[in-house]
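# Following is a predicted model, sequence given first.
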Amino acid sequence: LIVGGNGFVGSWLSDLLKSSYQVITFDIQKQFSNYQKEKAAKIVRFRKKLLKGVKQYKGDIRNFSLLNRVLNKEKPDVIVCLSSIPIEGFKDEKLQLETEIMGISNILHANKELNAKVVFMSSLFALGHFDHAVTENSHLAPVTNYGIGKATGEHLVRAFAKKYAIIRTTSLYGLGDIINRAPQIILEKALEGSNENLWINKAPLLDFIYVKDLVEGVKKVIFHKKNETFNISGGKALTLIDFVQTVESCTGKKLDYEVRSVNDRSRRGTLVNDKARLVLNWQPRYDLTSGIKDTIDLYREHILTNKI
């Protein structure tokens, strides 16, 4: 059962698993960002293609009664918790915290009798400020609402799940996102030939990971036997300027943008993925160039045409 399974990561994970396993999703199926509605509709239709053949339940993770009924009916062996509002500075802080904390708490309580393995998707933001690089053993010291929700979720999982895994990731990109992440904005500006109001923050260091690599890592974690935490990341911190230059190289189009230096987020860097490489035998198959090229091909096939 993938909670939040109709979202960006969930739809890709469902597509990866559905040919070999029975996959079920539980998702509120609601857009929380201000991403343009018409473009969002095209991306949601693309997600539906990934979800074809998957049994789906529509519901709010905060509704314990509904979630409990679904779990007792389906009796999953594994519950993957992807439910989240991954937007820094989200205005409804109460809703964001309830989704993160009440959501995983409801899963854990509903799972008491089932004893399914719980895989919790956390984030680099659970760590708070850091410089250069962090491992799975780094101290949790979140400084944002979103990060507090993720760090609390990690503590709850370790305290109440008998079988579990925790994944930390960061700076995700690929087709299927409607959160207005910076990589998505840059890619779409390049593909649509629009540079209007485009500015790039050169301050943060970002460890980019392509969505296809992330879900391959999640699959490895699902079937790992021990209770552990894993960083599933690109393993190398870059800047948004690096991302822009790679997009320009892949599209052959020069972007016109203003460069600013704004320190409005947690200080961050590389999310070291050595443990996942050694223990899970996982590593990213896509570097930044090949991941962006694949994303561009998918955009051109599914979003910039009338095929869907």
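Here it is on my side, so go on. Numbering: from 1, shown residues only.

# which residues of this structure fall in helices?
With helices called from DSSP state H, the chain shows them at 8-17, 37-50, 64-74, 93-97, 103-110, 145-160, 182-192, 211-222, 240-251, 274-279, 288-302.

# now for the third one, which elements pack on it?
The helices and strands touching helix 64-74, judged by 3 or more C-beta pairs under 8 Å, 6 or more residues apart in numbering; DSSP states H and E, are strand 24-27, helix 103-110. C-beta coordinates here come from the backbone N, C-alpha and C atoms, glycine included.

# The longest one to helix 145-160, inter-axis angle?
Taking axes from the mean of the first three to the mean of the last three C-alpha atoms, to 10 degrees, one finds that helix 103-110 is oriented at 20 degrees with respect to helix 145-160.

# how about S266, what does it touch?
Under the criterion of C-beta atoms under 8 Å, 6 or more residues apart in numbering, the neighbours of S266 are L124, F125, L127, G128, H129, F130, V143, T144, G147.

# Relative to S290, how far out is it?
Using C-beta to C-beta, to the nearest Å, S266 is found at 28 Å from S290.

# Pull out the buried residues from the contacts of S266.
Burial by neighbour count, 16 or more other C-beta atoms under 10 Å: within the contacts of S266 this picks out L124, F125, L127, G128, F130, T144, G147.

# ok, so what distance separates the residue nearest to L71 when sequence neighbours are not counted from D27?
Spatial nearest neighbour of L71, chain neighbours left out: A110 (4.8 Å); criterion: C-beta to C-beta, 6 or more residues apart in numbering. For A110, the distance to D27 equals 16 Å [C-beta to C-beta].

# that older thread, how about JSON lines for the buried ones among the contacts of S266, with distance to Q184 added?
Output for the buried ones among the contacts of S266, formatted as JSON lines (distance: C-beta to C-beta, whole Å):
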{"residue": "L124", "distance to Q184": "18"}
{"residue": "F125", "distance to Q184": "18"}
{"residue": "L127", "distance to Q184": "23"}
{"residue": "G128", "distance to Q184": "25"}
{"residue": "F130", "distance to Q184": "25"}
{"residue": "T144", "distance to Q184": "20"}
{"residue": "G147", "distance to Q184": "21"}
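
# Identify the farthest-apart pair in the residues you listed.
Farthest pair in the buried ones among the contacts of S266 (C-beta to C-beta) is F130 and T144. Separation: 13.4 Å.

# Torsion angles phi and psi at S194?
phi -120, psi 130 (degrees, to the nearest 10).

# ok so, going back, could you dump the helices and strands packed on helix 64-74 into a markdown table and include mean neighbour count?
Listed next are the helices and strands packed on helix 64-74 as a markdown table, based on neighbours: other C-beta atoms under 10 Å:
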| stretch | mean neighbour count |
| --- | --- |
| strand 24-27 | 24 |
| helix 103-110 | 23 |
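
# Include distance to I166 and mean pLDDT when you put these into TSV, please.
Listed next are the helices and strands packed on helix 64-74 as TSV, based on distance: least, C-beta to C-beta, whole Å; pLDDT from 0 to 100:
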stretch	distance to I166	mean pLDDT
strand 24-27	20	98
helix 103-110	11	98
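
# Dump those into a markdown table; add distance to E228 as well.
Below are the helices and strands packed on helix 64-74 laid out as a markdown table (distance: least, C-beta to C-beta, whole Å):
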| stretch | distance to E228 |
| --- | --- |
| strand 24-27 | 25 |
| helix 103-110 | 17 |
